[in-house]
Each structure stands twice: as structure tokens, then as C-alpha cells.
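Colleague: below: sequence and its predicted model.
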Amino acid sequence: MRDLPAVFSVGGHGREHSSHRARTRGRAVPSSAVTHDRAIAATGVPVAVIGAGIAGLVTAYELEQRGYRVVILEGSRRIGGRIYSHRFGGDADSPVAELGAMRIPAGHTYTMGYIATLGLSDELRPFHSLLADENAYLGTPTGYRRLRDAPAALLAELRRRHSVDAYREETLLFAARLSLIVDAIAPPAQRESLRRDLSARLLDLVERIDLRPYLADRDGGRIDLHGLFVAFPHLRAACGGDLNTFLDDILTETSPDLVRVRGGMARIVERLARRLRAPILLGREVVGLSVKPDGVAIEVRAGGRTVVHHREHVVCTVPLPLL
């Protein structure tokens, strides 16, 4: 990745003013950093993009493709936002811990398009989720069990809830597998309501379906939930409340079409940053925006001082909870 400036003072259009007395909190402002900011201000860059996460980098890239000049303001000391890979070595095949985004559904057309544009298509590898590891531990109503043993425990619980002859073994296996995934990904406070959603109408509908084509491993409790919901879309309509809310996540986690980037998802960020002409200014926390007749005034806190500078346009890509 190119060297990204992590500097402290903020430039403007020659109309900037300081809203607080300049202070560096014991850290000197490098003269080269000030020169860099003033050079950017002198160019009259018309568009500021707030945030150097993947949304901000893509925004800057698309604007540059359309002939705009852009500057990117990032409040933290790194780029990538919620894409954050920690590598345990310099080799591409060294172990990687993903501290943010970790997989991509192959059906995400736009994301896969950018990966192709960045020359990373050959670097995609299958992603195996937690649910693919038979030795992973999962909490069940009767305690923690390995994933390979969890369906049997969940089946026993379902048999206690329903009379022995109420549903076929395959239908209860469907319910057990769905409950297993719910327990793995749903917040604890919502698991019981998810089980209630599962119990009535949905099981009655599944009872009428031939599930044999979707049973991958009866003894191990494996059933192709993704394929089943795709083949019978009316099952989705029977999922009410919380279960319907989480169904997209459930189907994503059980999809066979999940991929990862060899060497870490941060390679997407690094490749994209190298494609940009725009400067990426780190340590620039935007604390206020004000729309003016001639553009937008941006209040930026950096290095102990807050300054206001002006751009014709601003695109804010900061995630809503942070904003």
C-alpha cells in the first residue's frame, strides 16, 4: 500500500479559520504535513469524501472515474474501516485473523465486480464458516456440545415439545438444524422468540414437503436449508417476527457460495487505495457540516485544533451508528 499521510493540521480554500487555539497535545505538527495540506487546499479540490472505509474508497474511485478531484478525510489512523485484517506473517499464505468483514457471498454482484476490476478474482478461496467445523462448540438448552453432536440434543428437545407422532423425523431434523443455526448467530435474548416462530405454521408446511433430496447426512443432522428455502419460497412467508428478520443471515451462513480473499480481506482495501489519485488524510475527525449557498463548510478536528474549510460537495460515508 502506498504511504498514507497521518497528519494533524487541516487545509481549506484560503478561508479556513480556527475555532479553537492551536495545540498539539505534546506532539509537534510536522512542517511537511502542513505543506501537504496547503498544497491540497491550493488545488481547489471540489469534493470531500468523509471516511476511508470501503464505502469512502469506492466513492472516491467512482468520482475520479467521472473526472472529479477528491480528497478523503478519515478520523482514525488507518484506512479500511470495518475491513481489518491482522496478518501473522509477510507471506500471502500466512495465517490471517479477520477483525472485521471476513467473507463475501458470491451472489453480491457489485462486490465481485470490484474484485475483478482490482485483479483479485484469482485470489478468491472458499470460506468455511463456524457451522462447517464439526468440532466447534455450540450452546444448547442442555449445555455446550460439539456441532456434530448438537442436532441429536436439539431433536430430543423438539420431541419433548411435540407429541411423538406429530411430525416426521425429517421435519424435526429440519427444525433441529434451523434451531442450531439460530443458536449460533442470533443474540441470546431473541432465541426463544425465534423458536416460537419456528414451532407452528412453518413445521406444518415443511411436513408436506419431501425432504429426502435435501438430507445430506441424516445421522449428523445435516440438511440443505439454503436449497430448501430457495426451492420452496412459500416457506419464507411462514417465517414471522424475529425468524424472518434473521432468515437472510441464516441462509447466507448456510450458503455454499461464500468466498474469502487469500491473504486477508484488507487486500481489497489496499488495491483500491493504490488506484486512487486522491490524497487520504488520516487523523481528520469531521465534527460538523454546514450547507452554505456556495458549498459545504466542514469542521475538522485534527492534532488538537478544529478548523473549518470549504468544498463544493461533500459525500459522507460514515456508518450511521458512528455518525
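Modeller: Noted; the coordinates are in hand.

Colleague: in the lengthiest helix in the chain, what counts as buried?
Modeller: The helix that spans the most residues within the chain, counting by DSSP state H, is helix 169-185. Neighbour-count burial for helix 169-185, counted by 16 or more other C-beta atoms under 10 Å, picks out 170-184. (C-beta placed from N, C-alpha, C; glycine too.)

Colleague: now do stretch 269-287
Modeller: Across stretch 269-287, burial judged by 16+ other C-beta under 10 Å covers 269-273, 276, 278-284, 286.

Colleague: mind checking which of those land in strands?
Modeller: Taking DSSP state E as the definition of strands, the buried residues of stretch 269-287 contribute 280-281, 286.

Colleague: before we move on, the earlier item: which other helices and strands does the longest helix of the chain contact?
Modeller: Applying 3 or more C-beta pairs under 8 Å, 6 or more residues apart in numbering; DSSP states H and E, one finds that helix 169-185 contacts strand 137-140, helix 150-161, helix 188-199, helix 201-206, strand 222-223, helix 225-231, helix 241-253.

Colleague: chain center to that helix, what's the gap?
Modeller: Offset of helix 169-185 from its chain centre (C-alpha atoms, centre = their mean, to the nearest Å): 26 Å.

Colleague: quick one, phi psi at Leu289?
Modeller: Phi and psi for Leu289, reported as degrees, to the nearest 10, are phi -130, psi 140.

Colleague: residues touching it, list them.
Modeller: For Leu289, the contacting residues are 296-299, 314, 316, by C-beta atoms under 8 Å, 6 or more residues apart in numbering.

Colleague: could I get the phi/psi values of the nearest residue in space to Leu202 that is not next to it in sequence?
Modeller: Leaving out its chain neighbours, the residue that sits closest to Leu202 by C-beta to C-beta, 6 or more residues apart in numbering is Ala238, at 4.5 Å. When read as degrees, to the nearest 10, the backbone of Ala238 gives phi -80, psi -10.

Colleague: same check on Gly81?
Modeller: The phi/psi pair for Gly81 (degrees, to the nearest 10) reads phi 60, psi -120.

Colleague: re the thing from before, now the longest helix of the chain: mean pLDDT?
Modeller: Average pLDDT, helix 169-185: 79.

Colleague: isn't Val206 up against Cys239?
Modeller: No. Between Val206 and Cys239 there is no contact under C-beta atoms under 8 Å: 11.2 Å.

Colleague: more neighbours: which of those two?
Modeller: Val206 (23 against 20; other C-beta atoms under 10 Å).

Colleague: which stretch in the helices and strands packed on helix 169-185 has the least confidence?
Modeller: The weakest mean pLDDT among the helices and strands packed on helix 169-185 belongs to helix 150-161, with a mean of 64.

Colleague: hang on, the earlier thing: and the longest helix of the chain, C-alpha only, in PDB?
Modeller: Extracted in PDB, the C-alpha atoms of helix 169-185 (Å, rounded to 0.1, in the frame of the first residue of the first chain):
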ATOM      1  CA  GLU A 169     -38.300 -37.400  11.800                       C
ATOM      2  CA  GLU A 170     -37.200 -35.400   8.700                       C
ATOM      3  CA  THR A 171     -39.400 -32.400   9.700                       C
ATOM      4  CA  LEU A 172     -37.900 -32.400  13.200                       C
ATOM      5  CA  LEU A 173     -34.500 -32.700  11.700                       C
ATOM      6  CA  PHE A 174     -35.200 -29.500   9.700                       C
ATOM      7  CA  ALA A 175     -36.300 -27.800  12.800                       C
ATOM      8  CA  ALA A 176     -33.200 -29.000  14.700                       C
ATOM      9  CA  ARG A 177     -30.900 -27.700  12.000                       C
ATOM     10  CA  LEU A 178     -32.600 -24.400  11.800                       C
ATOM     11  CA  SER A 179     -32.500 -24.100  15.600                       C
ATOM     12  CA  LEU A 180     -28.800 -24.900  15.600                       C
ATOM     13  CA  ILE A 181     -28.000 -22.100  13.300                       C
ATOM     14  CA  VAL A 182     -30.300 -19.700  15.200                       C
ATOM     15  CA  ASP A 183     -28.400 -20.600  18.400                       C
ATOM     16  CA  ALA A 184     -25.100 -19.900  16.700                       C
ATOM     17  CA  ILE A 185     -25.800 -16.500  15.200                       C
END
